[in-house]
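In: I'd like to go over a predicted model; first the sequence, then the structure.
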2 protein chains.
Amino acid sequence: MTYELYYWPSIQGRGEFVRLALEEAQLKYIDVARAGRAGSGEARIMRMLTGRSLARPPFAPPFLKAGRLVIGQTANILMFLGARHGLAPKDEAGRLWTNGLQLTIADFVAEVHDAHHPISSALYYQDQKKEARHATALFLKTRVPKFLGYFESILARNAPRVRFLAGAKLSYVDLSVFQVIAGLNYAFPRAMAKTAGKHLRLLSLHARICERPRIAAYLASPRRIPFNADGIFRHYPELDAD
Amino acid sequence: MTYELYYWPSIQGRGEFVRLALEEAQLKYIDVARAGRAGSGEARIMRMLTGRSLARPPFAPPFLKAGRLVIGQTANILMFLGARHGLAPKDEAGRLWTNGLQLTIADFVAEVHDAHHPISSALYYQDQKKEARHATALFLKTRVPKFLGYFESILARNAPRVRFLAGAKLSYVDLSVFQVIAGLNYAFPRAMAKTAGKHLRLLSLHARICERPRIAAYLASPRRIPFNADGIFRHYPELDAD
């Protein structure tokens, strides 16, 4: 089967968590909005969201078409792919644990976005820049340590036997944590450098995933959209730590 | 089995979505933090989160103890309970659809909270009141119509055959939408009254769920914590529509 991923064509965004799983599992997929003529991709996404053809339309991208199934919500897509393609534990306890971790990552990613858009996603960054400075300072001080500290502690309490978040084997959650670390390093290089000593296990996990052959090939390919100032992780120097 | 729900004892919060499912399915459960002496509940929650006894500790409340399983994240708990106790479709497509809807509710609930705490949950409301007015005005204008419009459209496109969000039968998603409508009515009575005509199907779903015998008994009981100014849904008259 060839999967169809529907996501905005010019950002990594939430779609990137799905792309990483598709790439690591070496699945055939079309990144629909990037596959056709320029500009036609968004139209295909909108047709799926607002058309009358689907009885069960997704709320927003990303969504994945798998044959007749259309699956919305990043964590839901990953749970589906993880179970089908060996990227998650097979037992019930392991599946629930992995999904719970992924939902915690989803919460964190929403907070990353809201730090530069605290008032509303309906306003430009420039129109909430002052509030973003205030929000991001508190985000870096209270939330980043809480989330990274949690994931670090998971790796610590299961070491050395268990090198991945969901157990002895790589799961989609590890790929998502890789993406979060990559994104934070891009957005907040100074803050991340200052606190690196507190989450060495996460940095090691990030490095190990970078070097996996399929991920390395993906990152070197044009399929990997560079980080940019429209995505979730944005580098605004005025928001980074001093 | 007697389930153990771990959640803060004085607010509905995210725990309420789990309580509603436990009540509708008439399951035996202990609301742990409300069951012991005053003040001891929070300590029990914190021991589970920060103690070394669990190899797989949850990130935050609510979490559910089901025998030896400890399940974190509201949508994850509901997926587990829904599958076990007839509160979700049994087929794969239906389960994924229901989980996707629940994750969209989770996104909405986070936005409800952030409208009164746009800068940081580390600050009091009083210290971000001006920003909350700005954020809430845009939230009511752009986000509430988008989310409620989506759920309304799901009910509309499946009517009259399908009266619930996930199909012909009640699922945990319907209970969660009930809670969202109840919360919005409490927090924003003027805004909700003004826009009622746009989501009549959701209001009808809310009313039907109110009248289900087990939910009605629960709502009339002391187990239902009243809405208050510490929860997700808060009534600050200055934030409601004019």
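Out: Great, that's in hand.
In: ok, the host helix or strand of residue A:200 near chain B or not?
Out: Assigned by DSSP states H and E, residue A:200 belongs to helix A:200-210. No: for helix A:200-210, no contact with chain B is found by CB under 8 Å from any CB of the partner chain; the gap never falls below 14.8 Å. The C-beta positions use only the backbone N, C-alpha and C, and glycine is treated the same way.
In: Mind listing what's buried along the following helix or strand past that helix?
Out: Next in sequence after helix A:200-210, counting helices and strands by DSSP H and E, comes helix A:213-220. Neighbour counts over helix A:213-220 (16 or more other CB atoms under 10 Å in any protein chain shown) mark A:215, A:218 as buried.
In: tell me what the helix holding residue A:200 is packed against?
Out: Here helix A:200-210 touches helix A:144-158, helix A:172-187, helix A:213-220, going by 3 or more CB pairs under 8 Å, 6 or more residues apart in numbering or on different chains; DSSP states H and E.
In: looking at these, which is closest to chain B?
Out: Relative to chain B, the nearest member of the helices and strands packed on helix A:200-210 by CB to the nearest CB is helix A:144-158, separated by 5.4 Å.
In: Is chain B within reach of the one helix or strand in chain A whose mean pLDDT sits lowest?
Out: Within chain A, no helix or strand scores below helix A:40-50, which has a mean of 88 by mean pLDDT, DSSP states H and E. No: figure legend: helix A:40-50 not in contact with chain B (CB under 8 Å from any CB); closest approach 9.1 Å.
In: what's in contact with the helix or strand following that helix?
Out: Next along the chain after helix A:40-50, taking DSSP H and E as the criterion, comes strand A:63-66. With CB atoms under 8 Å, 6 or more residues apart in numbering or on different chains as the test, strand A:63-66 has contacts from A:1, A:3-6, A:18, A:48, A:70-73, A:77, A:80-81.
In: Of all pairs in those, which one is the farthest apart?
Out: Using CB to CB, those reach their maximum pairwise distance at A:1 and A:73, which is 20.2 Å.
In: Is it correct that residue A:202 is in contact with residue A:150?
Out: No: taking CB atoms under 8 Å as the definition, residue A:202 is not a contact partner of residue A:150, at 10.3 Å.
In: Neighbour count: those two, which is higher?
Out: Taking other CB atoms under 10 Å in any protein chain shown, residue A:202 and residue A:150 do not tie; residue A:202 has more neighbours (22 against 17).
In: which non-adjacent residue is nearest the residue of chain A most remote from its centre?
Out: Using CA atoms, centre = their mean, the residue of chain A lying farthest from its centre is residue A:52. It sits 29.4 Å away. Nearest non-adjacent residue to residue A:52, counting by CB to CB, 6 or more residues apart in numbering or on different chains: residue B:157, 7.1 Å away.
In: Give me the pLDDT for the one you found.
Out: Residue B:157 is assigned 86 on the pLDDT scale.
In: cool, the one 5 residues further on as well?
Out: Residue B:162 is assigned a predicted lDDT (pLDDT) of 77.
In: does it sit in a helix, a strand or a coil?
Out: Secondary structure state of residue B:162, per DSSP: H, G, I helix; E, B strand; the rest coil, is coil.
In: how much space between the spatially closest residue to it that is not a sequence neighbour and residue B:89?
Out: With sequence-adjacent residues excluded and distances taken as CB to CB, 6+ apart, residue B:162 is closest to residue B:168, at 5.5 Å. Applying CB to CB, to the nearest Å, the value for residue B:168 to residue B:89 is 10 Å.
In: Of those two, which one has the most company?
Out: Neighbours per residue, other CB under 10 Å: of residue B:168 and residue B:89, the larger number sits with residue B:89, 19 against 10.
In: wait, what's in contact with that one?
Out: B:95, B:97, B:98, B:166, B:167, B:169, B:171.
In: Residue A:1 and residue A:73: who's more crowded?
Out: Counting neighbours by other CB under 10 Å for residue A:1 and for residue A:73 shows that residue A:73 has the greater number, 27 against 10.
In: hang on, the more buried one packs against residue A:79?
Out: No: in this structure residue A:73 lies outside contact range of residue A:79 using CB under 8 Å: 9.3 Å.
In: Verify the stated contact: residue A:138 with residue B:127.
Out: No: using CB under 8 Å, residue A:138 makes no contact with residue B:127, being 10.7 Å away.
In: can you list the domain ranges for chain A.
Out: Domains of chain A are assigned by automatic domain parsing as A:3-84, A:92-212.
In: Fine, thanks again, bye for now.
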